[in-house]
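Peer 1: how would this look folded up:
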Amino acid sequence: MNKAESFIDSMLDYHEQTKHHPDRYARSPGYMDWDNQPNPFRFYKGARNLDLPLMNKPGEFPYGSLFGAPVVDPVPIRLETISGFLELSLGLSAWKQHGVSEWSLRMNPSSGNLHPSECYLLLPQCGDSAACIAHYNPLMHRLEIRASLQDKEARSLIGLNGFGIVLSSIFWREAWKYGERAFRYTQHDVGHALGALCFSAALNGWKLAARPEIESSCLDRLLGFEPSRQIPGESERADCFCWISGSNPNEPQVSDWLSTLQIPEYQDTANRLSTNQTPWPIIDDAEQLTRSPGFQARRPESVKSDSGQTSDYPAEWVIRNRRSAQAYDSRFSRIAYSRFTQILSATLPSGQLPLDALPLATNVHLVLFVHRVDDLDSGLYCLVRDPSDLKTLRDSFDPGFSWDKVDRVLPLYLLQKGDYRTAAETVSCHQAIAGDSAFSMGMLARFESVVKDAPWLYPCLFWESGLIGQILYLEAEAKGLRGTGIGCYFDDMMHQLLGLKDRHWQDLYHFTIGAPLEDARLQTKPPYHHLQDLATRCR
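Peer 2: This next block holds a predicted model:
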């Protein structure tokens, strides 16, 4: 593949080029080069390691405490509370083993379990040391202290009563398997990670918000991501700066503090992830086009809903036990209407965590294939997550759809009754999981009007869909079912099914929820058993 074949001059071009079609999938390697699979963990040689304490007892916060206003007063920001916050958001959740193969799972989901996202922290305290910039290493559950801040900068950070987080992406980790579509998936994973961080923050009484006014080049310089320090073919870029507020936050001064921060002279070195890398120039183009100049956040407007989130399980149990289903049992993939509406209500912007962390107003609506919901006809539905879009959606969709409102409060509309199991599977790349479930969906985003003149907003649409996906993962687990994100779907076939004629709306992500078929061949190990084994060997 040469540069001329993949060059793009707009994100509209990238999006069109990376669509799957029934007769032509987006370009990818076409095989799994297992010997060259990227390391899913980033290490920094030369950084000072600060081991974090693992949580020694499970919390008993009710599941509903993950949504809405905090149910606890903000806990102090110190090493122990930051450790628990990271463990329950980006840490390991388990290890799986089949024969000689063993792989880890994490609290935050990822496309193909490839985990392109990395996390960096700007902390007011780093153990016994002053404020620092650190990288979170989830394998060892430790901070890698990359640089200490000067005394004046440290005192200023302490005065802000919070701390910063930067999420970044390593595109090669996804491109190794998915090729040119990988840029989409890395941004989904930023949304997954944002959701996981928001939920974990809520258990500490903290609040997380994306701060998009910080430009991309500033964040890259801050983390030492200059081209001269990047490993060829394994470039990493800063995606999103977030601020986590404790008690008495002083948020308005965060951007002023960052703008005056002296960029450290890093002495550490990132580990190489693969021996060889396949170049994907189209991803390099997309990365350049979406570099943000900084913009002011526009938080989602609240949508009324009277269905609170409940579960028979506590919040921490749900977070730790979240998994992606590989297959569903259609005999048991049925859900009560009340639980179905609870799941959908959780995806509505409420003016509270987690959706108010996003930097843009609501752009994503849910098109649902309902298969097995008690007291609800099978068929095609639309959850209108922003009521002001109802007319635009109706005008854009097939004029034959009925748009009958089916719930007293929930903005859920029946488009057409019928058996949509085959249609759901077909548009999701013929995957049975989309039809064997209780229901599946496509996430439809306002697109061309958002992206055309502001390509740096393209990732934000995937952040929103990814964060919704994280909500659905936890909701499914909380209701005794299981969710699965689907990145492979036929974009334009879905648009044709809905009667869409232009690019005002675009399908960005699919998801499905049902009763999982468990693979009895897999063994499960505790998430940090390897640390315990290491400690035993060192005695």
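
Peer 1: what about the strands in the stretch 401-539 of the chain?
Peer 2: When assigned using DSSP state E, counting those that start in this stretch, the strands of the stretch 401-539 of the chain occupy the ranges 404-405, 412-417, 439-446, 482-486, 505-514, 523-525.

Peer 1: the stretch 201-350 of the chain now?
Peer 2: Here the stretch 201-350 of the chain has its strands, by DSSP E, counting those that start in this stretch, at 207-210, 236-245, 269-270.

Peer 1: which residue ranges make up each domain of the protein?
Peer 2: As given by automatic domain parsing, the domain ranges for the chain are 3-52+74-289, 315-514.

Peer 1: wait, which of the ones you listed is closest to residue 521?
Peer 2: Relative to residue 521, the nearest member of the domains of the chain by CB to CB is domain 3-52+74-289, separated by 5.8 Å. Yep, even glycine has a C-beta here, placed from its N, CA and C like the rest.

Peer 1: hmm, back to that, export the strands of the stretch 201-350 of the chain as a markdown table, with columns for mean neighbour count and mean pLDDT.
Peer 2: Putting those into a markdown table (neighbours: other CB atoms under 10 Å; pLDDT from 0 to 100) gives the following:
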| stretch | mean neighbour count | mean pLDDT |
| --- | --- | --- |
| strand 207-210 | 24 | 94 |
| strand 236-245 | 24 | 96 |
| strand 269-270 | 18 | 96 |
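
Peer 1: closest one to residue 417 among those strands?
Peer 2: Each of the strands of the stretch 201-350 of the chain has some distance to residue 417 by CB to CB; the shortest is strand 207-210, at 39.4 Å.

Peer 1: about what we covered before: now for the strands of the stretch 401-539 of the chain, which one comes closest to residue 83?
Peer 2: Proximity of those to residue 83 was assessed by CB to CB; the nearest stretch is strand 523-525, lying at 21.2 Å.

Peer 1: name every strand pairing with the closest one and say which way it goes.
Peer 2: Here strand 523-525 has these sheet partners by DSSP bridges: strand 92-98 (antiparallel).

Peer 1: buried residues in the strand it pairs with?
Peer 2: Of the residues in strand 92-98, those scored as buried under the neighbour-count criterion (16 or more other CB atoms under 10 Å) are 92-96.

Peer 1: repeat that for stretch 275-289.
Peer 2: Residues of stretch 275-289 classed as buried under the neighbour-count rule (16+ other CB under 10 Å) are 277, 280-287, 289.

Peer 1: so where is the stretch 401-539 of the chain shaky, pLDDT-wise?
Peer 2: Residue ranges of the stretch 401-539 of the chain with pLDDT under 70: 533-539.

Peer 1: how about the helices in it?
Peer 2: Along the stretch 401-539 of the chain, counting by DSSP state H, counting those that start in this stretch, helices occupy 421-427, 448-451, 458-478, 491-498, 529-538.

Peer 1: which among those is found nearest to residue 177?
Peer 2: Using CB to CB as the criterion, the shortest distance between residue 177 and those is 17.6 Å, found for helix 458-478.

Peer 1: CA atoms only for stretch 99-112 - export them in PDB, please.
Peer 2: The C-alpha atoms that make up stretch 99-112 are tabulated as PDB, following Å, rounded to 0.1, in the frame of the first residue of the first chain:
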ATOM      1  CA  GLY A  99      -4.400 -24.900  27.100                       C
ATOM      2  CA  VAL A 100      -1.000 -23.100  27.000                       C
ATOM      3  CA  SER A 101      -2.600 -19.700  26.100                       C
ATOM      4  CA  GLU A 102      -3.200 -17.200  28.800                       C
ATOM      5  CA  TRP A 103      -4.500 -13.600  28.400                       C
ATOM      6  CA  SER A 104      -5.700 -10.800  30.700                       C
ATOM      7  CA  LEU A 105      -9.000  -9.000  30.800                       C
ATOM      8  CA  ARG A 106      -9.500  -5.500  32.000                       C
ATOM      9  CA  MET A 107     -12.200  -3.400  33.700                       C
ATOM     10  CA  ASN A 108     -12.400  -1.300  30.500                       C
ATOM     11  CA  PRO A 109     -13.500  -3.100  27.400                       C
ATOM     12  CA  SER A 110     -11.500  -2.900  24.200                       C
ATOM     13  CA  SER A 111     -12.000  -3.800  20.500                       C
ATOM     14  CA  GLY A 112     -10.600  -7.300  20.100                       C
END
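
Peer 1: the strands of the stretch 401-539 of the chain: which one's closest to residue 22?
Peer 2: Distances from residue 22 to each of the strands of the stretch 401-539 of the chain were compared using CB to CB; the minimum, 14.5 Å, belongs to strand 505-514.

Peer 1: before we move on, the earlier item: greatest separation within the buried residues of stretch 275-289: which pair is it?
Peer 2: Set against one another by CB to CB, those have their most distant pair in 277 and 289, with a gap of 21.1 Å.

Peer 1: you'd agree residue 148 is up against residue 134?
Peer 2: No - counting by CB atoms under 8 Å, residue 148 sits too far from residue 134 to count as a contact (9.8 Å).

Peer 1: any stretches of this structure with poor pLDDT?
Peer 2: Within the chain, the segments meeting pLDDT under 70 span 1-7, 69-70, 247-252, 306-307, 533-539.

Peer 1: go again using 50 as the cut-off
Peer 2: 1-4 (pLDDT under 50).

Peer 1: give me the most central residue, this protein.
Peer 2: Among the residues of the chain, the one closest to the centroid is residue 192, at 1.5 Å (CA atoms, centre = their mean).

Peer 1: checking that one next. Helix, strand or coil?
Peer 2: Three-state assignment for residue 192 (DSSP: H, G, I helix; E, B strand; the rest coil): helix.

Peer 1: let the chain start at 47 from now.
Peer 2: All right, first residue 47 from here; so that's residue 238.

Peer 1: for it, what are its contacts?
Peer 2: Contacts for residue 238 (CB atoms under 8 Å, 6 or more residues apart in numbering) come out as 154-156, 163, 512-513, 515-516.

Peer 1: re the thing from before, make TSV out of the buried residues of stretch 321-335 and add distance to residue 132.
Peer 2: Shown next, in TSV, are these (distance: CB to CB, whole Å):
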residue	distance to residue 132
323	29
326	31
327	35
328	33
329	28
330	31
331	33
332	29
333	26
335	32
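
Peer 1: looking at those residues, which one is closest to residue 213?
Peer 2: When these are ranked by distance to residue 213 (CB to CB), residue 333 comes first, at 14.7 Å.

Peer 1: contacting residues for that closest one?
Peer 2: 217, 229, 281, 283.

Peer 1: how about 6 Å then?
Peer 2: Neighbour list for residue 333: residue 283 [criterion: CB atoms under 6 Å, 6 or more residues apart in numbering].

Peer 1: for it, give its distance to residue 501.
Peer 2: 11 Å (CB to CB, to the nearest Å).

Peer 1: residue 463 now?
Peer 2: The gap separating residue 463 from residue 501 is 40 Å, by CB to CB.

Peer 1: equivalent analysis for residue 559, please.
Peer 2: Distance of residue 559 to residue 501, computed by CB to CB: 32 Å.

Peer 1: looking at the two, which is more packed in?
Peer 2: More neighbours sit around residue 559 than around the other of residue 559 and residue 501, counting by other CB atoms under 10 Å; the figures are 27 against 19.

Peer 1: count of residues packed around residue 540?
Peer 2: Residue 540 has 21 neighbours, counted by other CB under 10 Å.
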